[in-house]
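>>> what's the 3D shape of this:
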Amino acid sequence: MNIFATGAQINYFLRTVKYRLKHICEYALLRAICAAVRILPERGALWLAAGLSKIIRVILRKRMIEAGKRAREVLGPSRTDQEIRQIVRSSLHTLVLNGIELMRIPQREGSWFDDHIVNPEAIQPLKAHLNTTGRGAILAACHMGNWHLAAVAMNHFLVPIFFLIAHQRNPLTNRFFNQMLAQAGGEGICRETGSMRAIIRNLRSGKVLAIT
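The predicted structure follows:
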């Protein structure tokens, strides 16, 4: 795998001077992490995720405290402060693991999907609907685990899928994450004015909306 930037990538990066320095640094760090994740073996990538989650806890300490307050509001007084802190830490670690897994998706082969999709027959009613009506469908999925893998699974079964996504403040990282989602086989539509028209257009053309 070539981890060095091509001429086109360098030119693209140079054009980012119109963005804030913070945006450029965040984007460069994200690309460096992605390159490392795709070079490392899977166990090494997991160790990297563990280290990153610890660093993020320190850098975003105020966000961690705020997340603990929200967890307390939801779970009530039945949980101890230690349990609340552990829940927040575990959630952050899972989020980082999901990002690492998303970065490694281009390396996955068809046999990997066959080994990890335990009930492929469950997709048949959906495929029958798509083939019969030519119209799309709406899937409601649990917001747990790495739900981006739903795009991978659907793409494996040749089912066109799309999601509603939030627009990030950093346009560079926003574009990069959208590209990774597209590599996984999914299409992202930003939750903004006019998104409903795009949703209806996709459903009429036979695509599937996944809502978590």
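>>> got the confidence number for the most centrally placed residue in the chain?
Central residue of the chain (CA atoms, centre = their mean): His148, 5.1 Å from the mean position. According to the prediction, His148 has pLDDT 72.
>>> which residues are in contact with the closest residue to Ile161 other than its chain neighbours?
Nearest residue to Ile161, sequence neighbours excluded (CB to CB, 6 or more residues apart in numbering): Met154, at 4.2 Å. To be clear about C-beta, it is placed using only N, CA and C from the backbone, and glycine gets the same treatment. With contact taken as CB atoms under 8 Å, 6 or more residues apart in numbering, Met154 is in contact with 123, 160-161, 185-186, 208, 210.
>>> farthest pair in those residues?
Taking CB to CB as the measure, the contacts of Met154 span a maximum distance of 15.3 Å, between Ile123 and Gly186.
>>> so which of the contacts of Met154 sit within strands?
Taking DSSP state E as the definition of strands, the contacts of Met154 contribute 161, 186, 208, 210.
>>> is it possible to export those residues to TSV including pLDDT, distance to Gly76 and neighbour count?
Shown next, in TSV, are those (pLDDT from 0 to 100; distance: CB to CB, whole Å; neighbours: other CB atoms under 10 Å):
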residue	pLDDT	distance to Gly76	neighbour count
Ile161	86	36	23
Gly186	73	36	22
Val208	91	37	20
Ala210	86	31	19
